[in-house]
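Participant: what follows is a predicted structure for the sequence shown.
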Amino acid sequence: MLISDFDFDLPEDRIALRPAEPREAAKLLRVDGSRLTDSHVGDIADFLLPGDVLVVNDTRVLPTQLDGVRLRDDSTVSIEATLVKSTGPAQWQAFLKPGRKVKPGDNLLFKSDGAELRARVSAKDDNGLYTLDFYHSPHELLERLHVVGGMPLPPYIRSKRHEDEQDKRDYQTIFATDEGSVAAPTAGLHFTPALLKKLDERGVSFVRVTLHVGAGTFLPVKVEDTRDHVMHAEFGVVSEDAAARINAARAAGNRIICVGTTSLRLLESACDPQGAIHPFSAETAIFITPGVNVRSCDLLITNFHLPKSTLFMLVCALAGTENMKKAYRHAIDTGYRFFSYGDASLLTNISK
């Protein structure tokens, strides 16, 4: 398939720069085959049944956006660093801006509120990723990162405004407990204590899994054919208890509903050909495109995704390409807000 098959025109004013307040006031588009229903996230219980199981990603976003300076001899240059993957106890891969001003051997200094982080640039790869070795113990690095760092907002937001203290609250889900992500599992951002109470009263239960989201989720697909795309790898865990609860729910005839594409990609990685979920603890680079049968879930709650993105390909695989193109046209025409801080959709899996 061609990447261009998944392109669409999105007006700039449809990109949400802040989340809805309250969170459950966000719009919700129900996509059931070719049938579309407009609603709100706060009313999602109307589409769910007693016994349904929502699978949520409990990863927690680290504040990996850093502003600082490059130090070389007697000269300094202002730089931005976005840490994207931990590759050692005190080592990270990062995107640096402006990258042309930095080379291996340079030292970097990041400071804020009396705390500082220091690192040495040890390498640069062909994809423009730099390897940073920090002059701190792992514990000290994490501790100082929470003081010095800001939330790593997606490029389509950060190009329009700088991250701030509000984002430290807004860009973290109510389920977030296990630190390790450099991007939020954004479908989970819609959930609040009031909505969880409403779902509990409806007889809906929750199962937690963990997929640490990488920055690759925002990287553009640079090839023309989907067969040539190399997916980024992310580390995920499905515990024995989580797998057992999901399998028991399915055996009882109840539905499995993934909250976000991260939960879906992880479950699908842990799923056997018969649809049973197994304990899992490894990296996954699963790439789901139309023609793939998604076996692990019955429905998906997800935000609206970028044109030509792997995530738009995933929802097309799950709910049908023509159905999703129709749904996205409707969303654009009727004022839905897109991307990480935007509105949500509830999709029926018709691929099975």
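Facilitator: Happy to help now that I have it.
Participant: C-alpha only now, for contacts and for neighbours.
Facilitator: OK.
Participant: so where do the helices sit in the stretch 201-350 of the chain?
Facilitator: Taking DSSP state H, counting those that start in this stretch, the helices of the stretch 201-350 of the chain run over residues 240-251, 261-269, 310-319, 321-333.
Participant: ditto for the stretch 1-150 of the chain
Facilitator: Going by DSSP H, counting those that start in this stretch, the stretch 1-150 of the chain shows helices at 138-148.
Participant: give me the pLDDT for the residue nearest the centre of the chain.
Facilitator: In the chain, the centroid-proximal residue (C-alpha atoms, centre = their mean) is Pro185; its distance is 3.7 Å. Per-residue confidence (pLDDT) for Pro185: 97.
Participant: try Lys222
Facilitator: At Lys222, pLDDT is 87.
Participant: compute the number of surrounding residues for it.
Facilitator: 12 (other C-alpha atoms under 10 Å).
Participant: so can I have CSV of the helices of the stretch 201-350 of the chain showing mean pLDDT, distance to Ser39 and mean neighbour count?
Facilitator: Converted to CSV, the helices of the stretch 201-350 of the chain look like this (pLDDT from 0 to 100; distance: least, C-alpha to C-alpha, whole Å; neighbours: other C-alpha atoms under 10 Å):
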stretch, mean pLDDT, distance to Ser39, mean neighbour count
helix 240-251, 98, 27, 17
helix 261-269, 98, 20, 25
helix 310-319, 97, 18, 24
helix 321-333, 98, 12, 17
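Participant: in this structure Glu116 contacts Gly149, no?
Facilitator: No: look at Glu116 against Gly149 with C-alpha atoms under 8 Å: they stay out of range, at 9.9 Å.
Participant: so where do the strands sit in the stretch 151-300 of the chain?
Facilitator: Under the criterion DSSP state E, counting those that start in this stretch, the stretch 151-300 of the chain contains strands at 178-181, 205-211, 234-238, 256-259, 280-284, 299-303.
Participant: for Thr334, which of these is the nearest?
Facilitator: Nearest to Thr334 among the strands of the stretch 151-300 of the chain is strand 299-303 (15.5 Å), distances taken as C-alpha to C-alpha.
Participant: that closest one to helix 261-269, inter-axis angle?
Facilitator: 140 degrees (axes from the mean of the first three to the mean of the last three C-alpha atoms, to 10 degrees).
Participant: chain center to strand 299-303: distance?
Facilitator: 12 Å (C-alpha atoms, centre = their mean, to the nearest Å).
Participant: show me what it is packed up against.
Facilitator: For strand 299-303, the elements it packs on are strand 256-259, helix 261-269, strand 344-348, judged by 3 or more C-alpha pairs under 8 Å, 6 or more residues apart in numbering; DSSP states H and E.
Participant: right, and these - which one's nearest Gln93?
Facilitator: Between the helices and strands packed on strand 299-303, helix 261-269 lies closest to Gln93; by C-alpha to C-alpha that is 21.2 Å.
Participant: returning to what we had before: nearest to Ser137, out of the helices and strands packed on strand 299-303?
Facilitator: Proximity to Ser137 (C-alpha to C-alpha) singles out helix 261-269 among the helices and strands packed on strand 299-303, at 30.2 Å.
Participant: related to what we said a few turns ago, dump the helices of the stretch 201-350 of the chain into JSON lines; add distance to His136 as well.
Facilitator: Below are the helices of the stretch 201-350 of the chain laid out as JSON lines (distance: least, C-alpha to C-alpha, whole Å):
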{"stretch": "helix 240-251", "distance to His136": "35"}
{"stretch": "helix 261-269", "distance to His136": "31"}
{"stretch": "helix 310-319", "distance to His136": "36"}
{"stretch": "helix 321-333", "distance to His136": "47"}
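Participant: among the ones you listed, which is nearest Lys124?
Facilitator: Of all the helices of the stretch 201-350 of the chain, helix 310-319 comes closest under C-alpha to C-alpha, at 25.6 Å.
Participant: now do the closest one: which elements does it pack against?
Facilitator: Using 3+ C-alpha pairs under 8 Å, 6+ apart, helix 310-319 is in contact with helix 321-333, strand 344-348.
Participant: 6 Å instead, please
Facilitator: Under the contact criterion of 3 or more C-alpha pairs under 6 Å, 6 or more residues apart in numbering; DSSP states H and E, helix 310-319 touches no helix or strand at all.
Participant: what's in contact with it?
Facilitator: Ile288, Thr289, Pro290, His305, Met324, Thr348, Asn349, Ile350, Ser351 (C-alpha atoms under 6 Å, 6 or more residues apart in numbering).
Participant: burial count for the first one?
Facilitator: The number of residues packed around Ile288, counting by other C-alpha under 10 Å, is 22.
Participant: look up how far Asp32 lies from it.
Facilitator: Applying C-alpha to C-alpha, to the nearest Å, the value for Ile288 to Asp32 is 19 Å.
Participant: what of the fifth one?
Facilitator: Distance check for Met324 against Asp32: by C-alpha to C-alpha, it reads 10 Å.
Participant: again with Thr59
Facilitator: For Thr59 relative to Asp32 (C-alpha to C-alpha), the value is 29 Å.
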